[in-house]
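Trainee: what follows is a predicted protein model with its sequence.
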Amino acid sequence: MIVGILKEQHGDKRVSLLPEQAQALAAKKVQVMVESNAGAAAFASDDAYRAVHIPTVSRKELLQQSDVLLSIHPLSTTDLELIKPHAVVIGVFQPLFNHALMKEWAQRSLTTFSLDMIPRTTRAQSMDVLSSQANIAGYRSVLLAATLFPRYFPMFMTAAGSIAPAKVLILGAGVAGLQAIATARRLGAVVEVSDTRPAVKEEVMSLGAKFIEVDGAADASKAGGYAVEQTEEYKQKQQERLAASVAKSDIIITTAQIPGKKAPLLISEAMLDTMKPGSVIIDLAASTGGNVFAARNNETVQRNGVTIVGNSNLAADMPFDASKLYGKNVLNFLQLITGADAGLQLNFDDDIVKGSCITHGGNIVHERVEQLVGSSYA
């Protein structure tokens, strides 16, 4: 079995496996090759791969020869024309949003594993790419906000006068949100947090932040750690409660997403108009519509003196550690689908293998994705 590591496109600086991780895979008798310069932006040169006996090849050669392709983002149409029939593709493909693309891949007889669909169970924690990358995104979001904010984060008492600490509002207390809380607190900010799941209140408070409570949230206990769709009545209450916090906030970081659905709009146009000039918003949900009015993915927007950054790929701005953590997730997953003879061995009785497999044998095999494709063509 040949595993090929592709260079990420569109400016993503990460790589699926760093040299030492590729070496660990090769030690199990799996043949590994890497596209030239795939790891350069993550400070892993071609020489570093060759030093551990991993050959570097052209993209065309890698696509044509690999049985398993590692690519964080979806492949291009040009790439698909070159790959082997029945090849396996592993990455983070957001199939609940890209279900039309998944249909095309199924028609090409690709076997697709999307690691963002791995069930969030205890056994799957070592393969949880969403958590490993969200942790980095939460950290980076606060640092980015601090560089854009025209004031200090911590309180300072000087001979020239006192500086009040920055007021930070974080929407969503998942992995990214909790790391954002911890980072903002380390920088000396006063932090408030809103989340639809009352169960996270204790974690939020343990990090030194204030939890904004809104009664009447839908039960999310069976959603695998994700947020769920809320009633219109709850949304109205939430908006009213958030409005006061938004108006006094210097920094807002939004992380709220619902799998397979457009991100909920939490900060309206009217709320934005109450914010002070110089305030900064980082919207980590921008790729699925955003939590903030006027946010655009991969763009920075200025509105009445408020800086709004739409970026759902902040982990890629810390490419070495992001690649290291992602690569470890990938190695752990590859162990599940690799037999003792270093060949491909797919056990669809395994809930992790089944839950992350989107296309196989010319069909869409993931139930939720299949339903979305069906509804699109009904």
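Mentor: Thanks, I have it.
Trainee: show the pLDDT at the residue of the chain positioned farthest from its centre.
Mentor: Distance from the centre of the chain peaks at Ala159, with 44.1 Å (C-alpha atoms, centre = their mean). The per-residue pLDDT reported for Ala159 equals 90.
Trainee: how close does it sit to Val88?
Mentor: 65 Å (C-beta to C-beta, to the nearest Å). For the C-beta atoms, the positions are set from N, CA and C on the backbone; glycine is no exception.
Trainee: Ile72 contacts Lys13, doesn't it?
Mentor: No - at 10.5 Å, Ile72 does not count as touching Lys13 under the criterion of C-beta atoms under 8 Å.
Trainee: the more surrounded of those two?
Mentor: Ile72 (25 against 19; other C-beta atoms under 10 Å).
Trainee: wasn't that one part of a helix?
Mentor: No - under DSSP: H, G, I helix; E, B strand; the rest coil, Ile72 sits outside any helix and is assigned coil.
Trainee: please name the residues that touch it.
Mentor: 8, 12, 14, 16, 91-92, 326 (C-beta atoms under 8 Å, 6 or more residues apart in numbering).
Trainee: look up how far Leu334 lies from it.
Mentor: From Ile72 to Leu334 the distance is 15 Å (C-beta to C-beta).
Trainee: same check on Val306?
Mentor: With C-beta to C-beta as the criterion, Val306 and Leu334 are 44 Å apart.
Trainee: how about Ile90?
Mentor: Distance from Ile90 to Leu334, counting by C-beta to C-beta: 8 Å.
Trainee: cool, Thr112 as well?
Mentor: Thr112 sits 15 Å away from Leu334, going by C-beta to C-beta.
Trainee: now Trp105
Mentor: For Trp105, the distance to Leu334 - C-beta to C-beta - is 20 Å.
Trainee: next: Val129.
Mentor: 13 Å.
Trainee: do the same with Ala218
Mentor: 37 Å.
Trainee: more crowded one of the two?
Mentor: The residue with more neighbours, out of Ala218 and Leu334, is Leu334; 21 against 13, by other C-beta under 10 Å.
Trainee: hang on, the more buried one is in a helix, isn't it?
Mentor: Yes - assignment of Leu334 by three-state DSSP places it within a helix.
Trainee: got the contact list for the residue nearest to it when sequence neighbours are not counted?
Mentor: Spatial nearest neighbour of Leu334, excluding adjacent residues (C-beta to C-beta, 6 or more residues apart in numbering): Leu25 at 6.7 Å. Contact analysis of Leu25 by C-beta under 8 Å, 6+ apart lists 3, 17, 32, 331, 334.
Trainee: and Leu25, helix, strand or coil?
Mentor: Assigned by three-state DSSP, the conformation of Leu25 is helix.
Trainee: per-residue confidence at it?
Mentor: 97.
Trainee: any chance you could map the helices in the stretch 101-250 of the chain?
Mentor: All helices of the stretch 101-250 of the chain, identified by DSSP state H, counting those that start in this stretch, fall at 129-148, 175-186, 201-206, 232-248.
Trainee: where does the stretch 51-200 of the chain have low pLDDT?
Mentor: Nowhere does the stretch 51-200 of the chain drop to pLDDT under 70.
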